[in-house]
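S.K.: when you get a sec, could you give me coordinates for this:
(one chain, ligands or ions: 1)
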Amino acid sequence: MDEQKKNMLSLIQPTNTPHLGNYLGAMQNWVRLQNDYNCFFGIADLHSITVRQDPVKLRAQIKESYALLIAAGLDPEKSTLFVQGHNCQHAELSWILSCYTQFGELSRMTQFKDKSAKYSDNINAGLFTYPVLMAADILLYQADLVPVGADQKQHLELARNIAQRFNGVYGDTFTMPDPYITKTTAKVMSLQEPTKKMSKSDENPNASVWVLDDKDTIIRKFKRAVTDSEAEVCAREGKDGIINLMSIYSAVAGKSFEEIEAEFRGKGYGDFKLAVGEATADMLAPMQAEFKRISADKAYLEACMKQGAEKAYKATRKTLQKVHKKVGFVVL
Ligand code: TYM
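M.R.: Numbering: from 1, shown residues only. The predicted model follows:
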């Protein structure tokens, strides 16, 4: 670890293949910032079982998500790429922090409210304490910066509150983490319901573009994207579908909204949708090729995972021991 550099951390759940929102809202920033920070990127397997998972599928998806981190351009030598459950200290710190988190605070989390409505037959304690585990992920690594999408902002604020409370009682223990959220891609919307965020659990197969979708599928999904009855590509109020496509195109093709408006002035939505689809597919193609190559090398992936687990454990040992001492446990 470079002492001159600050720490950056973020995790992704392995509950499905990442979608375009995960990529543009989070992963792309991880790749961009990886040289400027000591980086820790993880697969949140512990978080994923708050919703019932098929074990065989979950195991495969953890491996797939891990390979995708590397395929996206994260360097396992430079950054620590780990699976959360491989470092037992996450769960341990989570327990301790749960004793410094109020029931009322957790009850106010919008994600808990949404998920408990959606999975009303399985409102388990893990779903409720989910944000505490997330705070533990962040605080364990003394993260300065946490690049996430807008949906995680409330959880980040809770992590800051927990850190502040703990530091207030015991003196400086945890670094205060700042969120890093990119404006245009903070919330990529569903292609079918553009007032709803693109989500891994959406049952409509046309709502999300998965990062491993092939070019034809990507173009088809964009062609079917819900827009409006006008024919003007511009970011006016009420044009949620078009604004979403413009945001995606802007992020993928590196163009401003003005440039996009000028490019499609006098053209129909068909041309625009095709351009967004093609640009998205072209952007994802190198990652998909790299994913194919890496996935075939099981020994390499396993070696990376093992190395990541060791690096993650070592990087966090000191913090947990410090916490044990501060709260009054006997440290051997
Ligand atoms: P997860 O797996 O739902 O999403 C991974 C990342 O993708 C972002 N994201 C989006 N960004 C833009 N538009 C969208 N439609 C969209 N959907 C998702 C998320 O904000 C996230 O950055 N609880 C976290 C995982 C986690 C974590 C952490 C993150 C566990 N521990 C510690 C940061 C720090 C989650 O479920 O992300």
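
S.K.: tell me the secondary structure for residue 131?
M.R.: Here residue 131 is recorded as helix under DSSP: H, G, I helix; E, B strand; the rest coil.

S.K.: please read the previous query as pertaining to residue 121.
M.R.: Secondary structure, three-state DSSP: residue 121 is coil.

S.K.: what sits against it?
M.R.: Taking CB atoms under 8 Å, 6 or more residues apart in numbering as the contact definition, residue 121 lies against nothing. Using the backbone N, CA and C atoms, a C-beta is placed for each residue, glycine as well.

S.K.: need the pLDDT of it.
M.R.: Residue 121 carries a pLDDT value of 93.

S.K.: ok, now residue 3?
M.R.: What the model reports as pLDDT for residue 3 is 82.

S.K.: could you shift the numbering so residue one becomes 698, and keep it that way?
M.R.: Happy to do that; since the first residue is 698 now, the last one works out to residue 700.

S.K.: so which residues make contact with stretch 711-722?
M.R.: In contact with stretch 711-722 (CB under 8 Å, 6+ apart) are residues 709, 724, 740-742, 745, 748, 750, 755, 758-759, 761-763, 765, 769, 845-847, 879, 882-885, 894-898, 905-909, 945, 948-949, 977, 981.

S.K.: check contacts around the closest residue to residue 731 other than its chain neighbours.
M.R.: Here the nearest residue to residue 731 in space, its sequence neighbours aside, is residue 776; by CB to CB, 6 or more residues apart in numbering that works out to 5.4 Å. For residue 776, the contact set (CB under 8 Å, 6+ apart) comprises 731, 736, 737, 738.

S.K.: out of these, which touch the ligand?
M.R.: Among the contacts of residue 776, no residue lies close to the ligand (CB under 6 Å from any ligand atom).

S.K.: which of those residues fall in strands?
M.R.: Judged by DSSP state E, the subset of these located in strands is 736, 737, 738.

S.K.: for residue 746, which non-adjacent residue is closest in space?
M.R.: Spatial nearest neighbour of residue 746, chain neighbours left out: residue 823 (6.9 Å); criterion: CB to CB, 6+ apart.

S.K.: give me the neighbour count for the one you found.
M.R.: Residues lying near residue 823 (other CB atoms under 10 Å) number 15.

S.K.: apart from its chain neighbours, what residue comes closest to the residue of the stretch 798-947 of the chain found nearest the ligand?
M.R.: Sorted by distance to the ligand under CB to the nearest ligand atom, the residues of the stretch 798-947 of the chain start with residue 846, at 2.3 Å. Distances taken as CB to CB, 6+ apart place residue 722 nearest to residue 846, at 3.3 Å, with adjacent residues excluded.

S.K.: how about residue 965?
M.R.: Closest residue in space to residue 965, ignoring its immediate chain neighbours: residue 928 at 5.5 Å, by CB to CB, 6+ apart.

S.K.: for the residue nearest to residue 985 when sequence neighbours are not counted, what are phi and psi?
M.R.: Spatial nearest neighbour of residue 985, chain neighbours left out: residue 909 (6.1 Å); criterion: CB to CB, 6+ apart. Dihedral angles of residue 909 (phi, psi; degrees, to the nearest 10) stand at phi -100, psi 10.

S.K.: residues touching residue 909, list them.
M.R.: Residue 909 makes contacts with 714, 765, 985, 988, as judged by CB under 8 Å, 6+ apart.

S.K.: wait, a strand at residue 707?
M.R.: Yes. Applying three-state DSSP, one finds residue 707 inside a strand.

S.K.: residues contacting it?
M.R.: 723, 727, 737, 738, 739, 843, 844, 845.

S.K.: the residue nearest to it when sequence neighbours are not counted - how many residues pack around it?
M.R.: Leaving aside its chain neighbours, residue 707 sits nearest to residue 844 (5.2 Å; criterion: CB to CB, 6+ apart). Counted with other CB under 10 Å, residues neighbouring residue 844 total 25.
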